[in-house]
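[1] Sequence first, predicted model second:
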Protein chains: 4
Amino acid sequence: MALGRDELRRLLKGGPLHELLGLELTEAEPGGVRLWAPYRDDLLADERRSYVHGGVLALLADVAGDFAFATLLGATVPTVDMRVDYLRGGRPGHDLIATATVVRRGRRLGVADAVVADDTDRELVVARCLYSLG
Amino acid sequence: MALGRDELRRLLKGGPLHELLGLELTEAEPGGVRLWAPYRDDLLADERRSYVHGGVLALLADVAGDFAFATLLGATVPTVDMRVDYLRGGRPGHDLIATATVVRRGRRLGVADAVVADDTDRELVVARCLYSLG
Amino acid sequence: MALGRDELRRLLKGGPLHELLGLELTEAEPGGVRLWAPYRDDLLADERRSYVHGGVLALLADVAGDFAFATLLGATVPTVDMRVDYLRGGRPGHDLIATATVVRRGRRLGVADAVVADDTDRELVVARCLYSLG
Amino acid sequence: MALGRDELRRLLKGGPLHELLGLELTEAEPGGVRLWAPYRDDLLADERRSYVHGGVLALLADVAGDFAFATLLGATVPTVDMRVDYLRGGRPGHDLIATATVVRRGRRLGVADAVVADDTDRELVVARCLYSLG
């Protein structure tokens, strides 16, 4: 059962951590989504406050991949494993945009590719995620 | 330059996101650390509040791997890539413990293995992380 | 120093295992290549001879990624790590085609994406590979 | 249904590529195996014949992980995905030893860790592999 944009938004907002991070669904079509995370100082990783925590970028990639499947399946699905490649550091002051696309939808398992960029289109992370489709 | 436990603690606490999550360094020896993250409801992933967000588990694994290298190098190091395998979901109400060990320390690159468990020793995540040693 | 197609072919053929497998370079442009591996019965994995060994598919992905960098750097480069996702089994009797593209070329590290398909364009494997650029 | 060592050996030898590479099962216990691959010049990667092809090392890791599950399940199982970390190059003239252990056996999916070393105990590759347990 496919979900419309409003239902996906409600699903995203229902997650306490998504709410804490202020995640917004900005685009959705069958098999792909785009999410937006507003910049906040407490996403920074280090004492010198010089870059965004890599864990936040990985989290955004995973959530985007999950919601790419939710557009097709009507629900989010458990992540089985994930590979994240960090291409560049995220700079303070910039919002983050995560885009994901379904690469393969098998009977039980599915693969999605995600990219996390900042609001100047600098790609920060690429990720490949495997989900259990139930 | 190796770091003692107090210096590692200060380094960990210096990261705004670590402070937000309340991370504590509970053990450290050359090439290995253990971190502790207190349970909070806003780490949950879903509307039904049934499990901890996988992104948090991945983040803890990455931070633990990073600090395993910090015990040897005197500073945290950039993550190049990471593979995370989700073994079980994290249940509400349980603190999280991340343990990491250096697997290989090359001249420029290093590999660490991390395990994230809950406070009943249920293993939730295993991760293998590659760091740039500079 | 970029390499032309003839030099890349010589480089590929110089590898004893490439020669054993009969690999051919069929396309090359800066940052991307396509390789071809002829089907042979002894690439099969199992007693019932029902599918091509996954290790062969992973190997082709890695070689293609490596040669995608060779088009830019003039030499092959060491693989640091690789993630391989097996999408479908390779059927007996079909030649294999591996295509790779450079995703990121950093100063010291580079990422390439590879796809291995059979000669009917069925995608069998996607891989993401990290190389040390020296 | 668990398999004894003789049945595992027959299963391994039944694979045409395993036979081509001369793989031998040297140890097996429930949840773990060790394989041995004799050195051959045509496993080398490069014109200068200076190191063993990384694809061979990845293949050995995958086969070992697969047979670690075969000790428990009575049959080999499809690889879903794999992460390979190359720690050191394999030197000419040395046999290869691949050891794998089951890390997690779920209902449908299982994770194995594998190490490939040479005959002087130099670790060349660590790999983490996900299998579909059917």
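    Sure thing, it's come through. These numbers were taken from a predicted model, which means no experiment stands behind them.

[2] ok, A:L73 - how many residues close by?
    Around A:L73 there are 17 other residues, counting by other Cβ atoms under 10 Å in any protein chain shown. Where you see a C-beta, it was placed from the backbone N, CA and C, and this is true even at glycine.

[3] swap in A:D42?
    Residues near A:D42, counting by other Cβ under 10 Å, number 14.

[4] roughly how far apart are it and chain D?
    Between A:D42 and chain D the distance, using Cβ to the nearest Cβ, to the nearest Å, works out to 31 Å.

[5] and if you look at A:R34?
    25 Å.

[6] Can you tell me the element that residue falls in?
    Take DSSP states H and E as the rule and A:R34 turns out to sit in strand A:32-37.

[7] and the helix of greatest length in chain A, does that touch chain D?
    Secondary structure of chain A read by DSSP state H shows that its longest helix is helix A:54-73. No - on the criterion Cβ under 8 Å from any Cβ of the partner chain, helix A:54-73 is out of touch with chain D, staying 14.0 Å away.

[8] other SSEs contacting the very next helix or strand once past that helix?
    The first helix or strand that comes after helix A:54-73 along the chain, using DSSP H and E, is strand A:79-86. Secondary-structure packing of strand A:79-86 (3 or more Cβ pairs under 8 Å, 6 or more residues apart in numbering or on different chains; DSSP states H and E): helix A:54-73, strand A:123-132, helix B:54-73, strand B:79-86, strand C:123-132, strand D:79-86.

[9] List the strands paired with strand A:79-86, with their directions.
    Sheet pairing of strand A:79-86 (DSSP bridges) gives strand A:123-132 (antiparallel), strand B:79-86 (antiparallel).

[10] follow-up on the earlier one: between strand A:79-86 and the longest helix of chain A, find me the angle.
    Taking axes from the mean of the first three to the mean of the last three Cα atoms, to 10 degrees, one finds helix A:54-73 and strand A:79-86 inclined to each other by 130 degrees.

[11] picking that back up, out of the helices and strands packed on strand A:79-86, the one nearest D:V33 is which?
    Judged by Cβ to Cβ, the one of the helices and strands packed on strand A:79-86 that comes nearest to D:V33 is strand D:79-86, at 15.1 Å.

[12] Now the closest one - C-alpha only, CSV.
    Backbone C-alpha positions of strand D:79-86 (Å, rounded to 0.1, in the frame of the first residue of the first chain) are rendered in CSV as follows:
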residue,chain,number,x,y,z
THR,D,79,25.3,-14.2,0.2
VAL,D,80,23.2,-11.0,0.5
ASP,D,81,26.1,-8.6,0.9
MET,D,82,29.6,-8.4,2.1
ARG,D,83,32.1,-5.8,3.4
VAL,D,84,35.8,-6.5,2.8
ASP,D,85,38.6,-4.6,4.4
TYR,D,86,42.0,-5.1,2.8
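
[13] and that strand, how far out from the chain's middle?
    Taking Cα atoms, centre = their mean, to the nearest Å, one finds strand D:79-86 lying 11 Å from the centre of the chain it belongs to.

[14] Skip ahead from it and say which helix or strand is next.
    Reading on from strand D:79-86 to the C-terminus, the next helix or strand found by DSSP H and E is strand D:96-105.

[15] and the angle from that next one to helix D:54-73?
    Using the same axes, to 10 degrees: strand D:96-105 against helix D:54-73 is 50 degrees.

[16] Of all the helices and strands packed on strand A:79-86, which one is nearest B:L96?
    Go through those one by one with Cβ to Cβ and the one that ends up closest to B:L96 is helix B:54-73, at 6.0 Å.

[17] any bit of the closest one sitting next to chain A?
    Yes - for a cut-off given as Cβ under 8 Å from any Cβ, helix B:54-73 has contacts with chain A, namely B:G54, B:G55, B:V56, B:A58, B:L59, B:L60, B:D62, B:V63.

[18] so who does A:E29 touch?
    For A:E29, the contact set (Cβ atoms under 8 Å, 6 or more residues apart in numbering or on different chains) comprises A:T71.

[19] same check, this time on A:D42
    Per Cβ under 8 Å, 6+ apart, neighbours of A:D42: B:P16, B:L17, B:E19, B:L20.

[20] And the residues you listed, which of them are buried?
    Under a neighbour-count criterion of 16 or more other Cβ atoms under 10 Å in any protein chain shown, the subset of the contacts of A:D42 counted as buried comprises B:P16, B:L17, B:L20.
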